[in-house]
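Colleague: Kindly generate the corresponding structure for this input.
(one chain, ligands or ions: 1)
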Amino acid sequence: MKYISTRGKADELSFEDVMLSGLARDGGLYVPKEIPRLSDIEFAALANLEYEEIAFRIMRPFVGQGVTENILRDCIRRAYTSFSHPARAPLVQIDHGHFLLELFHGPTLAFKDFAMQVVGQLFQAVLSMRNKRVTIVGATSGDTGSAAIEAFRGLKNVDVFVMYPHDRISDVQRRQMTTSQEANVHALAIDGDFDVCQALLKDFFNDFNFRDEVGLAAINSINWARVLAQIVYYVSAAVSLGAPYRQVSFSVPTGNFGDIFAGFIAKSMGLPIKDLVVATNQNDILHRCLTGHGYFKNATKPSISPSMDIQISSNFERALFFAHKGDGEVIIRLMNELQRGGFHLSHDPFQVLTDMYKSGRVSEDETQATISNILHENGILLCPHSAIGVRVGKSFCEAGIPMISLATAHPAKFPKAVQVACGVHPSLPARMADLQQRPERVIQLPNDSVSIQSHIRRNIAK
Ligand SMILES: *Cc1c(COP(=O)(O)O)cnc(C)c1O
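Modeller: Residues are numbered from 1 along each chain as shown. The predicted structure follows:
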């Protein structure tokens, strides 16, 4: 299996090289050159299998020769042992024909664990085969950083540094990053906001001396290996509700478009998905685009669903690439226009996108009302992101076609917002109840690339 860049000017790479490099050298994102398809018989055979075996059969054709079947199986098995639910991604019914797909039973209580845990294991496997080390540096507003630390802690061939905005993330999010005791994990509290952390990260990747010296690698949501691991729960949910012999729809709380893009790949593999519904908060660039208003940046408005407070959805470039029939030149032009504010789509690509993706936008008040309604009707506490998915999913429910709304985080990760919405304080699962007592390990650094780079140099294993 070979991968090509959405901008058409970078080398074709194998799965392992795509995973280790993250972004293509022409600034584009890697996508598979062709998408493997499963027959109805192959999909039907998945219905009775455990999650890990479904993951193996879905991921195998994308991974190719560089990772043997045994290694892939082993990575997947190890990835999900840290999950607290035997089904990994259980379905719960909340209404007639409406289901919740619970993706928060991983170690950091958000769906990002599904991909990050596998990617950590695959990094370690490929790096030890090549006898190489890398330094992963990430910037986070909360969920990605904790998932990365949890996935890479204790791995031999990786050092991981995560920069987060000092004093600007929730207590639970910070403690999930600062309480790992493994020597290869480094939480860095940066004096500045999330944009400052992201700008620093960009500087590091553009400094080719530093990049090569420490073997910099990225695991942000544009990394193809993360998208790949997320295809699996679309398949596991659909086959347990009757696919391939019955259609299903999905509603997906969306920020960077990584999660819902995995749903597009599942559909392209032959899974009978009727609607893929993009659910946004008040930062609604995707909803505006899919309702004919073009793709134009606005200022980001902080919301009670902070993991979706994004104005440029980086993975949307992949959707645009498929909507423009793989024409890299057009993607380069559109991304240049985006730098200057945005662009309108021409007729045919707009048609392709709106046939594939439906969308809805949820206000702050509606998010709170949904949390409260679902608690009263079902006795279930939703996190604000999940509530947005449920709200929009409900509006697209159709008779005879199950709607599956993705619950992307545990309510205890966003306790203040949940309490304000419904008066109930969500408590952490028992296995994390001592989080507040665990010792923290963190270093505070100024917003200054030189001092952060020298901190990284001094602290990587030699
Ligand atoms: C990251 C995240 C999202 C958005 O996912 P994307 O892949 O960026 O669209 C939604 N909900 C939660 C809880 C998240 O952490």
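
Colleague: for the ligand, what are the nearby residues on the stretch 151-300 of the chain?
Modeller: In this structure, the stretch 151-300 of the chain approaches the ligand at residues 221, 253-259, judged by Cβ under 6 Å from any ligand atom. All C-beta atoms are positioned from the backbone trio N, CA, C, and that covers glycine.

Colleague: Out of those residues, give me the two with the largest separation.
Modeller: Farthest apart among those by Cβ to Cβ are 221 and 253. That separation is 13.6 Å.

Colleague: Mind checking which of the two has more residues around it?
Modeller: Between residue 221 and residue 253, counted using other Cβ atoms under 10 Å, the more crowded position is residue 253 (32 against 22).

Colleague: per-residue confidence at the more buried one?
Modeller: pLDDT for residue 253: 98.

Colleague: Please apply the same query to residue 227.
Modeller: In this prediction, residue 227 has a pLDDT value of 97.

Colleague: again with the one 4 residues further on
Modeller: In this prediction, residue 231 carries a pLDDT score of 98.

Colleague: show me what contacts it?
Modeller: Residue 231 sits next to 58-59, 262-263, 265-266, 269 when contact means Cβ atoms under 8 Å, 6 or more residues apart in numbering.

Colleague: 7 Å instead, please
Modeller: The contact partners of residue 231, taken as Cβ atoms under 7 Å, 6 or more residues apart in numbering, are 58, 262, 265-266.

Colleague: Point out where the stretch 51-200 of the chain drops to low pLDDT.
Modeller: Along the stretch 51-200 of the chain, no part satisfies pLDDT under 70.

Colleague: quick one, helices of it?
Modeller: Secondary structure of the stretch 51-200 of the chain (DSSP state H, counting those that start in this stretch): helices located at 51-63, 69-80, 112-130, 143-152, 171-178, 194-206.

Colleague: Counting by contacts, list what the shortest one packs against.
Modeller: Taking 3 or more Cβ pairs under 7 Å, 6 or more residues apart in numbering; DSSP states H and E as contact, the helices and strands that helix 171-178 lies on are helix 143-152.

Colleague: circling back to that earlier point, closest one to residue 6 among the helices of the stretch 51-200 of the chain?
Modeller: Among the helices of the stretch 51-200 of the chain, the nearest to residue 6 by Cβ to Cβ is helix 51-63 (16.7 Å).

Colleague: Report the buried residues of the closest one.
Modeller: Across helix 51-63, burial judged by 16 or more other Cβ atoms under 10 Å covers 51-52, 54-60, 62-63.

Colleague: now those residues as CSV including distance to the ligand?
Modeller: What follows is the buried residues of helix 51-63, written out as CSV (distance: Cβ to the nearest ligand atom, whole Å):
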residue, distance to the ligand
51, 20
52, 22
54, 20
55, 18
56, 23
57, 23
58, 18
59, 18
60, 23
62, 18
63, 21
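
Colleague: now do the same end-to-end measure for stretch 327-346.
Modeller: Chord length of stretch 327-346, first to last residue, is 14 Å (Cα to Cα, to the nearest Å).

Colleague: With stretch 250-258 instead?
Modeller: End-to-end distance of stretch 250-258 (Cα to Cα): 14 Å.

Colleague: now what about that stretch, what contacts it?
Modeller: With Cβ under 7 Å, 6+ apart as the contact definition, stretch 250-258 has outside contacts at 221, 226-227, 230, 234, 259-260, 263, 273, 276-280, 286, 307-308, 310, 313-316, 319, 385-386, 388-389, 392-393, 396, 403-406, 408.

Colleague: So which of those residues are in strands?
Modeller: Among the contacts of stretch 250-258, the residues falling in strands (DSSP state E) are 273, 276-280, 403-406.

Colleague: Show me the one in these that has more neighbours than the rest.
Modeller: residue 279 (32 neighbours).

Colleague: For that one, which residues are in contact?
Modeller: Contacts for residue 279 (Cβ under 7 Å, 6+ apart) come out as 251-254, 360, 362, 388-389, 392.

Colleague: can you check residue 313 too?
Modeller: Counting by Cβ under 7 Å, 6+ apart, residue 313 makes contact with 255-257, 285-286.

Colleague: List phi and psi for it.
Modeller: Here the main-chain torsion angles of residue 313 (degrees, to the nearest 10) amount to phi -90, psi 100.

Colleague: okay, now the spatially closest residue to it that is not a sequence neighbour: neighbour count?
Modeller: With sequence-adjacent residues excluded and distances taken as Cβ to Cβ, 6 or more residues apart in numbering, residue 313 is closest to residue 257, at 4.1 Å. A count of neighbours around residue 257, defined by other Cβ under 10 Å, yields 25.
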